[in-house]
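> Next comes the sequence, and after it the predicted model I'd like to discuss.
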Amino acid sequence: MLIAIEVGLLILVPCVAFVALWLRDLMSAVIVLGAYSFLMCLVWTGMGAVDVAFTEAAVGAGVSTVFFIAVLFNTTRNITFNPLDVSSKLVALVACLGFGYVLLQGVSDLPDWGDPYSPVNAGVSTYYIENAYADTHVPNLVTTVLADYRSVDTMLETTVVLIALLGIFMILKKDRPAQSDSSDTQAHDSLIIRLSARFIAPFIQLFGLYVVAHGHHSPGGGFQGGVILGTGLILMAMSMGMASAKRLLSIPRMIILAAVGVLIYAGWGAVPLVYNGYFLDYSVWESVFGSMARSHSMLIVEIGVALTVMCGMYGIYMSLVSDGGMQEGL
């Protein structure tokens, strides 16, 4: 029964992707892409990759959809027909088919699905499964791999989020005359929406904090929790208006907090160097704080990740929705 459901989902995924490409109404295409991400979330869940499904739901179906809508707010909703589109799409189709053929040829050389003697199953994953809890006392194997065994890679991913935020700011930044914030004309006209957003936002933030703090025991972590925290800020920005959102968290302060998140991660990883350890080697703390030191270290770096991701999502939304001017929003 489960295999039938997974096959059905895998059939729906390319169908939904094709529909998103076929639609000429961009808002409808964005909604269909949100459905695509939700289907992928179900696919990952069926495969047992709950952490990946969580990320897909938060980033793909959630905040990415908001980003697309923010972009559409400053552009046209419908695609204008261009005769050159047909030829360019044909070229893209041929290129995709060619790359797809090459990839399928490469897949044929991969080990069989579930082969216990494949290099991955016989070496790396076996060590993680057998020794992760004994090494770190963290039951979530995914968090252990991301925040401990390959923590340098995760730190660089966090840095990429900061660079993306700064890059979008620099590309879209426009110098415009300052407007008075005394009367926020961008606040939503509906009293129900404003009050509902103020009521829901604290619960979103509380859930985001839970996901960050409990990510090494259950699905979640700094990336998922940071996106949820950023979503709460975006909700307040959409309901209260751009001026009120900037008073809640100003743009300079947001950039500083995003950089502080990376510094928390890198700074905590550099401390073991003082004790003749390695960079991001949390085992140094075991002689000082006991056997739970590595799990507590993972929580600290996850807080840094969440801070950077939260400010990154919030800042990217503010920049996209205002077309870089930071004056008017949805």
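Perfect, thanks for sending it.

> Please count neighbours and contacts with C-alpha atoms only from this point.
Will do.

> and residue 138, helix, strand or coil?
Here residue 138 is recorded as coil under DSSP: H, G, I helix; E, B strand; the rest coil.

> How many neighbouring residues does it have?
When counting by other C-alpha atoms under 10 Å, one arrives at 21 neighbours for residue 138.

> ok, now residue 216?
Residue 216 - counted by other C-alpha under 10 Å - has 25 other residues nearby.

> show me what contacts it?
138-140, 143-144, 295, 298-299 (C-alpha atoms under 8 Å, 6 or more residues apart in numbering).

> can you confirm it is in a strand?
No: secondary structure assignment places residue 216 outside any strand; it is coil (three-state DSSP).

> from the contacts of residue 216, which two are the most distant?
Farthest apart among those by C-alpha to C-alpha are 139 and 299. That separation is 13.3 Å.

> which one of these two has more residues nearby?
Using other C-alpha under 10 Å as the criterion, residue 139 and residue 299 rank with residue 299 on top: 21 against 16.

> What does the pLDDT read for residue 210?
pLDDT recorded at residue 210 is 92.

> Mind telling me what element the nearest residue to it once chain neighbours are set aside is part of?
Computed as C-alpha to C-alpha, 6 or more residues apart in numbering, the closest residue to residue 210 that is not its neighbour in sequence is residue 225, at 7.6 Å. Using DSSP states H and E, residue 225 maps to helix 222-240.

> Give the other helices and strands that that helix contacts.
Using 3 or more C-alpha pairs under 8 Å, 6 or more residues apart in numbering; DSSP states H and E, the elements in contact with helix 222-240 are helix 50-55, helix 191-213, helix 242-248, helix 293-321.

> ok, back up a step: as TSV, the contacts of residue 216 with distance to residue 315 would be great.
Output for these, formatted as TSV (distance: C-alpha to C-alpha, whole Å):
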residue	distance to residue 315
138	32
139	33
140	30
143	26
144	29
295	30
298	25
299	24
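
> And those, which is closest to residue 59?
Proximity of the contacts of residue 216 to residue 59, judged by C-alpha to C-alpha, is greatest for residue 143, which lies at 17.6 Å.

> what's whichever strand or helix holds residue 170 in contact with?
With secondary structure defined by DSSP H and E, residue 170 is part of helix 151-172. Helix 151-172 is touched from outside by 145-147, 255, 258-259, 262, 265-266, 280, 305, 308-309, 312, 315-316, 319-320, 323-325, with contacts defined as C-alpha under 8 Å, 6+ apart.

> Now the buried members of the residues you listed.
With neighbours counted using 16 or more other C-alpha atoms under 10 Å, these contain these buried positions: 146-147, 255, 258-259, 262, 265-266, 280, 305, 308-309, 312, 315-316, 319-320, 323-325.

> re earlier: can you tell me which of the helices and strands packed on helix 222-240 is most buried?
Between these, the one whose residues have the most neighbours on average, counting mean count of other C-alpha atoms under 10 Å, is helix 293-321 (a mean of 26).

> tilt between that helix and helix 191-213?
Between helix 293-321 and helix 191-213, the angle formed by their directions is 150 degrees, by axes from the mean of the first three to the mean of the last three C-alpha atoms, to 10 degrees.

> Helix 293-321 packs against which elements?
Counting by 3+ C-alpha pairs under 8 Å, 6+ apart, the packing neighbours recorded for helix 293-321 are helix 64-72, helix 151-172, helix 191-213, helix 222-240, helix 251-270.

> What sits closest to residue 202 if chain neighbours are left out?
Once its chain neighbours are removed from consideration, residue 202 has its nearest residue in residue 232; the separation is 7.5 Å (C-alpha to C-alpha, 6+ apart).

> Kindly apply the preceding question to residue 111 instead.
Ranked by C-alpha to C-alpha, 6+ apart and with sequence neighbours excluded, the top spatial neighbour of residue 111 is residue 118, at 6.0 Å.

> Tell me, how many residues neighbour that neighbour?
The number of residues packed around residue 118, counting by other C-alpha under 10 Å, is 13.

> Confidence-wise, which of the contacts of residue 216 comes last?
By pLDDT, residue 295 ranks lowest within the contacts of residue 216, coming in at 78.

> picking up where we left off before, which residues touch the residue nearest to residue 202?
Under the contact definition (C-alpha under 8 Å, 6+ apart), the residues listed for residue 232 are 201-202, 204-205.

> farthest-separated two in those?
Top of the distance list for these (C-alpha to C-alpha): 201 and 205, 6.2 Å.

> what's in contact with stretch 42-54?
For stretch 42-54, the external contacting residues (C-alpha under 8 Å, 6+ apart) are 2, 6, 9-10, 40-41, 142, 219-220, 224.
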